[in-house]
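> Mind folding the following:
(one chain, ligands or ions: 1)
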Amino acid sequence: MGAVRTGNLEWAAAGASRRGDTESGDRCLVVPLSSGTLAIVADGLGHGEPAARAANRVINTVESATGEPPLLDVVRRCHAALFDDSRGAVASLAYHNANQGLVTWLGVGNVEGRLLLRTAHGRYLQESLLLRPGILGRQLPRLQPSVHRVTPGDVLILATDGLSSDFADHLPIDAHVDDIAKDILTRCCKGTDDALVLVMRYVEHASCR
Ligand SMILES: [Mn+2]
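Model prediction:
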């Protein structure tokens, strides 16, 4: 899959199912909302078809979000959508408000997030997403989103635990987003679990189409 443009985001994902499985339980989605873009990476607990089903329920719930729902509402809706699911899922979400130039992100469980903020000198400062232990559908932690100012060139990455957590180190950061995603999958995939990485770069606002 190549890079996709949604709102102010250029993004690409790369993933693999656990060795021996045909279906991955890791899913991602990037959707345009009224004043920004919402991104999610969900990891259904376990692997194979039941895990994929749980992750799909989360994704479908996010997909039905319209307008500009507060991030916490979206998470609570995902939680409710899995009440009767035998698995549950973990997920991290990021909402980019294009008008304000702010990203708000939040994680339930262990989908890791890194925000690479480009400095004036062409280097990057790294912020990590604060993860709260919990499982959508079972146990919701106290939800504590954090907010960062982002500018064009900044990169946000969400990755499931099928990838080693040093995934944001030694990145070909100036490469195209799909090359960054492929690089992470090649370098960091454990093979013992489903793996998915979503790489997003903030770009200049296009004029209205
Ligand atoms: Mn996993």
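
> Get me the contact residues on the chain for the ion.
Residues of the chain found near the ion (CB under 5 Å from the ion) are 43, 161, 193. Using the backbone N, CA and C atoms, a C-beta is placed for each residue, glycine as well.

> How about the first one, nearest residue that isn't a chain neighbour?
With CB to CB, 6 or more residues apart in numbering as the criterion, residue 43 has its nearest non-adjacent residue at 4.4 Å, and that residue is residue 160.

> Same question for the last one.
Ranked by CB to CB, 6+ apart and with sequence neighbours excluded, the top spatial neighbour of residue 193 is residue 162, at 3.9 Å.

> Looks like residue 194 contacts residue 27 (just checking).
No: between residue 194 and residue 27 no contact is recorded; they are 9.5 Å apart, counting by CB atoms under 8 Å.

> Give me the residues contacting the lengthiest helix in the chain.
The single longest helix within the chain, with elements called by DSSP state H, is helix 48-63. Helix 48-63 is touched from outside by 18, 21, 23-29, 31, 38, 40, 42-45, 74, 77-78, 81-82, 85-89, 91, 93, 136-137, 194, with contacts defined as CB atoms under 8 Å, 6 or more residues apart in numbering.

> Can you list which of the residues you listed are found in strands?
Counted as lying in strands by DSSP state E, out of the contacts of helix 48-63, are 26-29, 31, 38, 40, 42-44, 89, 91, 93.

> returning to what we had before: quick check: PyMOL command selecting the buried ones in the contacts of helix 48-63.
Buried residues within these, by 16 or more other CB atoms under 10 Å, are selected in PyMOL with:
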select buried, resi 18+21+24+25+26+27+28+29+31+38+40+42+43+44+45+74+77+78+81+82+85+87+88+89+91+93+136+137+194
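
> what sits against the residue nearest to residue 43?
26, 41, 43, 110, 111, 112, 193, 194, 195, 196, 197.

> Enumerate every residue touching the second one.
Residues counted as contacts of residue 41 (CB under 8 Å, 6+ apart) are 26, 27, 28, 91, 92, 111, 158, 159, 160, 196, 197, 198.

> 6 Å instead, please
By CB atoms under 6 Å, 6 or more residues apart in numbering, the contact set of residue 41 is 28, 92, 111, 158, 198.

> For beta bridges, what are the partners of the last one?
Translated: residue 198. According to DSSP bridges, the partner residues bridging residue 198 are residue 13, residue 158.

> Tell me how far it lies from residue 51.
To residue 51, residue 198 is 17 Å away according to CB to CB, to the nearest Å.

> Could you list the low-confidence segments of this protein?
Applying pLDDT under 70 to the chain flags residues 1, 205-209.

> Helices of that one, start to end?
All helices of the chain, identified by DSSP H, fall at 48-63, 71-81, 177-188.

> Can you say which of those is nearest to residue 204?
Of all these, it is helix 177-188 that lies closest to residue 204, at 14.9 Å by CB to CB.

> what's the closest one packed up against?
For helix 177-188, the elements it packs on are strand 9-16, strand 195-202, judged by 3 or more CB pairs under 6 Å, 6 or more residues apart in numbering; DSSP states H and E.
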